[in-house]
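A.B. asks: sequence? don't have it. structure:
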């Protein structure tokens, strides 16, 4: 049984891009609320400064905090989310993951067995439950970028054209384990 607990580290370019997007969005929302709701007037210098500070926090501070707390969350997930295996099923790979259900990125744990992929959500989600995807139903597996920035996403497409978007650590390892079952 292998686990994938390697956290994806953002490059400087990705952090800067994330900071610019977050800061610009934050300043734009403040400006819109100021314009439409006539809340206490902020001058443009104040809006720009708040956007810059928010962008710096989201581009530098949040990735740092996330990396420091991720290991605690992963160890919690390892203890509390387990997959019961059938008699002829063997666990090949497991690790923390998110599965997009609509606009919600449902957090939990992904398991790859010799028969199927299984996603089990943790209890801190609005949409909870288990999703099983048999290998015989999978038409393709495609790497993708999360938010068009981070290389940690997988899109699984079934023969019935149903798409499952996942966010995983060590995406290449997941592809290596799943792909041989698709060619069989």
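C.D. replies: All right, it came through fine. Quick caveat: nothing in here was measured; it's all calculated off a predicted structure.

A.B. asks: what about residue 95, which SS state?
C.D. replies: Under DSSP: H, G, I helix; E, B strand; the rest coil, residue 95 falls in the strand class.

A.B. asks: I figured it was touching residue 166, is that so?
C.D. replies: No. With contact defined as Cβ atoms under 8 Å, residue 95 does not count as touching residue 166 (10.6 Å). In this view, the C-beta of every residue, glycine as well, is placed from N, C-alpha and C.

A.B. asks: which residues are common contacts for those two?
C.D. replies: Listed as contacting both residue 95 and residue 166 by Cβ atoms under 8 Å, 6 or more residues apart in numbering are residue 110.

A.B. asks: Neighbour count: these two, which is higher?
C.D. replies: It is residue 166, of residue 95 and residue 166, that has more neighbours when counted by other Cβ atoms under 10 Å, with 24 against 21.

A.B. asks: contacting residues around the more buried one?
C.D. replies: Contacts for residue 166 (Cβ under 8 Å, 6+ apart) come out as 97-100, 110, 119, 153-156.

A.B. asks: What subset of these is buried?
C.D. replies: Buried residues within these, counting neighbours by 16 or more other Cβ atoms under 10 Å: 97-100, 110, 119, 153-154, 156.

A.B. asks: Those residues in strands, which ones?
C.D. replies: Here DSSP state E is the test, and the buried ones among the contacts of residue 166 give 97-100, 110, 119, 153-154, 156 as lying in strands.

A.B. asks: for the buried ones among the contacts of residue 166, which one is nearest residue 13?
C.D. replies: residue 153 (17.7 Å; Cβ to Cβ).

A.B. asks: Residue 96 against residue 109, yeah?
C.D. replies: Yes. Counting by Cβ under 8 Å, residue 96 touches residue 109, with 5.9 Å between them.

A.B. asks: And the strand or helix carrying residue 25, what does it pack against?
C.D. replies: Per DSSP states H and E: residue 25 is located in helix 12-37. Judged by 3 or more Cβ pairs under 8 Å, 6 or more residues apart in numbering; DSSP states H and E, helix 12-37 is in contact with helix 44-56.

A.B. asks: now the helix it packs on, how far from the chain's geometric center?
C.D. replies: 27 Å (Cα atoms, centre = their mean, to the nearest Å).

A.B. asks: and that helix, average pLDDT?
C.D. replies: The average pLDDT within helix 44-56 is 85.
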